[in-house]
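show me the folded form of this:
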Amino acid sequence: MANKTLEDEILTNETLALAVELLKRRSLTPDDAGCHDLIAARLQTLGFHIERHHHYGVDNLWARRGHAAPLVCFAGHTDVVPTGPLELWHSDPFEPVIRDGQLYARGAADMKTSVAAFVVAIERFVAAHPDHPGSIAFMVTSDEEGPANDGTVKVVEALKARGEFLDFCILGEPTSAAEFGDTIKNGRRGSLSGKLTIKGVQGHIAYPHLAKNPIHQAAPAIAELADTMWDEGNAYFPATTWQISNIHAGTGASNVIPGTLVIDFNFRFSTASTAEGLMDALQEILNSHGLEFEIDWSLSGRPFLTPRGLLCERLSDAIHEVTGLTPELSTTGGTSDGRFIADICPQVVEFGPLNMSIHKINEHVAVENIEPLTAIYQKTLEKLLT
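Predicted coordinates for the structure are as follows:
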C-alpha cells in the first residue's frame with residue numbers, strides 16, 4: 001500500500017518524483033552516487049552551462065544560465081549522513097516510502113527534497129520566462145556532511161579566482177522549526193576549535209613536591225574560561241560560547257601524577273567577535289595563570305550574516321504568499337556551506353523543510369510541504385529576476 005501511495009503521489013507531484021529518484025541513490029559522504037548526473041541532465045536541457053569540479057573523491061557541480069547580473073544561485077548538497085542501525089528504521093532508508101503523509105528516506109529533509117524543489121522551480125521559471133533578465137546558477141556538492149574540505153569551498157575558490165561573484169544565494173538547508181515556513185536562516189555562527197596541551201612534570205603521587213600536576217594548575221584557568229563573557233552578541237546573534245568537549249590526563253595508574261593535560265574545546269562565535277581576537281583573549285587568560293601550554297587551532301568556518309535586505313524580503317514575501325506565515329530570521333544551529341559562499345556573495349540565506357528529523361532514524365519530510373517548497377523557490381526567483 002505504501003508503494004502504491006508513493007506511485008500515485010508521483011503522478012501529480014513532479015518535485016516528489018525527482019526527490020524519490022535522488023533518495024534512491026546511496027550517496028553517503030562523499031559518494032555522489034549519480035545524483036549530479038541526474039541534476040545536470042535536466043539543467044542542461046534548459047540551457048545551463050555545466051561544470052564538474054572533482055577533488056579527492058568529492059563531486060561538485062556548478063551550472064549557470066545567463067551571463068548578466070544579478071546572479072541568483074541555489075546551493076546545496078546531495079551527500080547524506082550514515083543511516084545508523086538499519087533494524088531501527090521502519091523501512092529501507094534508501095527505498096523511499098510514504099506513511100501517514102510523510103516521505104521517509106535518508107536525506108528526505110536534509111536535503112534532497114530541497115535540491116529537487118530547486119530544479120523543478122528553475123524549470124518552471126524558465127518555461128514561464130525563457131528570456132528572463134539576469135542569471136541563474138546551481139551549486140551542489142557531495143561533501144557537506146563530511147569534512148567539507150573539497151566540496152563547496154573548492155567551487156567558491158575557482159569562481160573567485162576567475163572573478164565570478166554571486167548577488168544572491170539560497171541554500172536548501174532544513175530551517176523550519178515548528179511549522180513549515182516559520183524560519184529563514186540569515187547567518188550562522190563561526191566555529192573555532194582548539195586542542196590545548198598544558199605541560200606539567202610527571203611524578204609519583206606520594207612525592208608531589210617532585211612533580212607538577214597540570215590538572216591542578218589548569219583548574220583555576222578552566223574556571224575563568226568557563227565564566228568569561230567573550231562578547232554580548234548583537235541584534236542577530238547570541239553571545240559567543242566556549243565549551244570543553246574532551247579532557248584527558250594521566251597514564252591510567254592511580255599513583256602517577258600526569259605530565260600533561262589535554263583539553264579539546266570549541267568557540268561558537270558571532271560577528272561580534274573575530275577568530276583572531278578569541279585566540280588572543282584565551283591565550284591571555286592562560287598566560288595570566290602562569291601555565292606552560294601549546295594550542296593547535298582549527299578554524300572550520302567564520303560567521304556570516306545577511307542583514308534584512310532584498311533577498312530576505314523577497315524570500316519572506318514568497319513564503320508568506322504560499323504559507324500565510326511571516327518567517328523569523330534566525331542564526332541558530334551549526335555551520336553550513338553558507339560560510340564558504342559568503343566569501344563571494346553579499347546576500348546568503350537558507351530556507352527549507354522542517355528540521356526535526358534530520359540525521360535521525362526514520363528521517364522524513366511532509367509530502368504536503370513539497371509542492372509549497374517548490375512554489376516558494378519559484379516565486380523568489382520571479383521576485384528577484386522579473
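
on the three-state scheme, I295 is what?
strand (DSSP: H, G, I helix; E, B strand; the rest coil).

if I pick A68, what's in contact with it?
Neighbouring residues of A68 by C-beta atoms under 8 Å, 6 or more residues apart in numbering: P133, G134, S135. (Each C-beta comes from the backbone N, C-alpha and C, glycine too.)

assumed the first one was part of a strand.
Put plainly, it is P133. No: counting by three-state DSSP, P133 is not part of a strand but coil.

do I have it right that it meets T386?
Yes: here P133 lies in contact with T386, judged by C-beta atoms under 8 Å, at a distance of 7.4 Å.

coming back round to it: nearest to L166 among the contacts of A68?
S135 (9.3 Å; C-beta to C-beta).

what's the span of stretch 148-155 from first residue to last?
Separation of the first and last residues of stretch 148-155 by C-alpha to C-alpha, to the nearest Å is 12 Å.

that one: how far from the chain's middle?
Relative to its chain's centre, stretch 148-155 lies at 12 Å (C-alpha atoms, centre = their mean, to the nearest Å).

mind listing what's buried in that stretch?
A148, D150, G151, T152, V153, K154, V155 (16 or more other C-beta atoms under 10 Å).

ok, now which ones touch the fourth one?
With contact taken as C-beta under 8 Å, 6+ apart, T152 is in contact with N60, A75, H77, M139, T141, D143, E144, D337, F340, I341.

give me the subset of the buried residues of stretch 148-155 lying in helices.
The helices, defined by DSSP state H, take in T152, V153, K154, V155 from those.

can you put those in CSV and add pLDDT?
Formatted as CSV, those follow (pLDDT from 0 to 100):
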residue, pLDDT
T152, 98
V153, 97
K154, 97
V155, 98
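
any chance of those in JSON lines, with distance to F269 too?
Listed next are these as JSON lines, based on distance: C-beta to C-beta, whole Å:
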{"residue": "T152", "distance to F269": "21"}
{"residue": "V153", "distance to F269": "19"}
{"residue": "K154", "distance to F269": "25"}
{"residue": "V155", "distance to F269": "25"}
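
what helix or strand is the residue nearest in space to the middle of the chain on?
Residue closest to the mean C-alpha point of the chain, counted by C-alpha atoms, centre = their mean, is S336 at 2.3 Å. Using DSSP states H and E, S336 is not contained in any helix or strand.

ditto for A221
Per DSSP H and E: A221 is located in helix 214-227.

list the buried residues for that helix?
Under 16+ other C-beta under 10 Å, the buried positions of helix 214-227 are P214, I215, Q217, A218, A221, I222, L225.

out of the residues you listed, which is nearest to T260?
P214 (5.9 Å).

doesn't L261 make contact with that closest one?
Yes: P214 lies in contact with L261 (C-beta under 8 Å); the separation is 4.0 Å.

can you pull out the low-pLDDT segments for this structure?
1-4 (pLDDT under 70).

pop the domain breakdown of it in here.
Split into domains by automatic domain parsing, the chain comes to 2-188+303-385, 190-301.

quick one: the helices in this protein?
Secondary structure of the chain (DSSP H): helices located at 2-12, 14-23, 35-44, 113-128, 152-161, 214-227, 275-288, 310-323, 338-341, 370-385.

kindly reformat the buried residues of helix 214-227 as CSV and extend each row with distance to T113.
Putting the buried residues of helix 214-227 into CSV (distance: C-beta to C-beta, whole Å) gives the following:
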residue, distance to T113
P214, 50
I215, 49
Q217, 52
A218, 47
A221, 47
I222, 44
L225, 41
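
closest one to G187 out of those residues, please.
Nearest member of the buried residues of helix 214-227 to G187, counting by C-beta to C-beta, is L225, at 25.5 Å.

surely the closest one and Q283 touch.
No: using C-beta under 8 Å, L225 is not in contact with Q283, being 10.9 Å away.

just to revisit the earlier point, in the buried residues of stretch 148-155, find the pair that's most separated.
Largest separation among those by C-beta to C-beta: A148 and V155, giving 11.7 Å.

of the contacts of A68, closest to H320?
Distance to H320 across the contacts of A68 (C-beta to C-beta) is lowest for G134, with 23.1 Å.

which residues does the closest one contact?
G66, A68, A69, P70, L71, V72, D167, L384, L385.

buried ones among those residues?
So, by 16+ other C-beta under 10 Å, the buried ones in the contacts of G134 are G66, P70, L71, V72, D167, L384, L385.

export the residues you listed to JSON lines and tack on distance to L210?
Shown next, in JSON lines, are the buried ones among the contacts of G134 (distance: C-beta to C-beta, whole Å):
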{"residue": "G66", "distance to L210": "74"}
{"residue": "P70", "distance to L210": "70"}
{"residue": "L71", "distance to L210": "67"}
{"residue": "V72", "distance to L210": "68"}
{"residue": "D167", "distance to L210": "66"}
{"residue": "L384", "distance to L210": "71"}
{"residue": "L385", "distance to L210": "74"}
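
just give me the neighbour total for E328.
13 (other C-beta atoms under 10 Å).

narrow the buried ones among the contacts of G134 to those in strands?
Among the buried ones among the contacts of G134, the members found in strands (DSSP state E) are L71, V72.

from the buried ones among the contacts of G134, which is closest to T15?
V72 (18.8 Å).

who are the contact partners of the closest residue in space to that closest one that isn't next to it in sequence?
Leaving aside its chain neighbours, V72 sits nearest to F168 (4.8 Å; criterion: C-beta to C-beta, 6 or more residues apart in numbering). Contact partners of F168, counting by C-beta under 8 Å, 6+ apart, are P70, L71, V72, C73, L310, L311, C345, Q347, L384.
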